[in-house]
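In: generate a structure from the sequence data that follows.
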Amino acid sequence: LSLSLSLALASFFKMVRAWYMDSSADDQRLPHCHDPPQPVSLEQLAELSGVLYFKIDADRYEEEGKLSNLRKERNYSFSDTITITPERLPNYEQKIKSFFEEHLHSDEEIRFILDGSGYFDVRDKNDKWIRIECVKGDLLILPAGIYHRFTLDTKNYIQAMRLFVGEPVWTPINRPADQHPARTSYLTSLQKA
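Out: Next up, the predicted model:
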């Protein structure tokens with residue numbers, strides 16, 4: 001990277017944590033920013049994609065109460081923890097490839113980052129990719145029916161709590177799935193917003 005782009009990216013990443021992606025075929029774990037960057041505010045992220053973001057103290061979330069309140073408000077009744085790193089995740093390469101396949105789910109996808117970092121990529125209402133940086137303390141709620149994918153960054157490590165309404169369902173529905181009920185409902189909700 002050029003010095004000017006590196007400085008712009010350093011400044012950009014301190015202020016904004018979501019941006020429109022470039023179309024480079026480089027390593028998926030790189031930031032993939034346009035030059036100059038095209039930031040997306042958290043308000044724009046919610047408006048353009050329906051994705052919700054919360055900041056929670058990952059070291060004190062039980063005492064803090066934000067996660068507990070969110071679980072009650074949204075009826076999240078089940079949770080587990082996943083650690084994604086080559087040393088800890090069986091079939092690591094296969095799993096990473098499947099996480100990066102564009103897909104949707106019939107239920108919300110809720111991830112609370114306990115440690116490490118990575119990226120969720122989501123399609124906006126114009127079908128453009130927005131990359132969301134996820135770091136310790138971030139909680140993201142991806143609506144049912146949104147096309148998305150996940151990748152680690154170059155640190156190759158993340159630990160996340162997965163939350164669910166009822167029994168966990170991890171079934172990805174790969175694109176194209178435009179006729180899936182969750183997708184049609186999602187698109188209708190974006191039009192109303």
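In: partners of the residue nearest the centre of the chain in the sheet?
Out: In the chain, the centroid-proximal residue (C-alpha atoms, centre = their mean) is Phe120; its distance is 3.1 Å. Residues in a beta bridge with Phe120, per DSSP bridges, are Ile132, Phe150.
In: ok, Pro39 next?
Out: With DSSP bridges applied, Pro39 shows beta-bridge pairing to Trp19.
In: strands of the chain, start to end?
Out: Along the chain, the segments classed as strands by DSSP state E run 18-20, 52-55, 78-84, 103-104, 109-123, 129-135, 138-142, 148-152, 158-164, 173-174.
In: can I get the ones you listed in a markdown table including mean pLDDT and distance to Pro39?
Out: In short, each C-beta sits where N, CA and C put it, glycine included. Below are these laid out as a markdown table (pLDDT from 0 to 100; distance: least, C-beta to C-beta, whole Å):
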| stretch | mean pLDDT | distance to Pro39 |
| --- | --- | --- |
| strand 18-20 | 97 | 5 |
| strand 52-55 | 94 | 14 |
| strand 78-84 | 96 | 26 |
| strand 103-104 | 97 | 25 |
| strand 109-123 | 97 | 15 |
| strand 129-135 | 97 | 10 |
| strand 138-142 | 96 | 16 |
| strand 148-152 | 98 | 19 |
| strand 158-164 | 97 | 22 |
| strand 173-174 | 96 | 29 |
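In: export those strands to TSV and tack on distance to Leu45?
Out: Below are the strands of the chain laid out as TSV (distance: least, C-beta to C-beta, whole Å):
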stretch	distance to Leu45
strand 18-20	5
strand 52-55	7
strand 78-84	23
strand 103-104	17
strand 109-123	8
strand 129-135	7
strand 138-142	9
strand 148-152	12
strand 158-164	19
strand 173-174	22
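In: on that earlier part again, does the residue nearest to the centre of the chain touch Ile141 like I think?
Out: No. Under the criterion of C-beta atoms under 8 Å, Phe120 makes no contact with Ile141, lying 10.8 Å away.
In: and the residue nearest to the centre of the chain, what is it in contact with?
Out: 51, 111, 131-132, 134, 140, 142, 148-150 (C-beta atoms under 8 Å, 6 or more residues apart in numbering).
In: which of those sit farthest apart?
Out: By the measure C-beta to C-beta, Arg111 and Arg131 form the most distant pair in the contacts of Phe120, at 14.9 Å.
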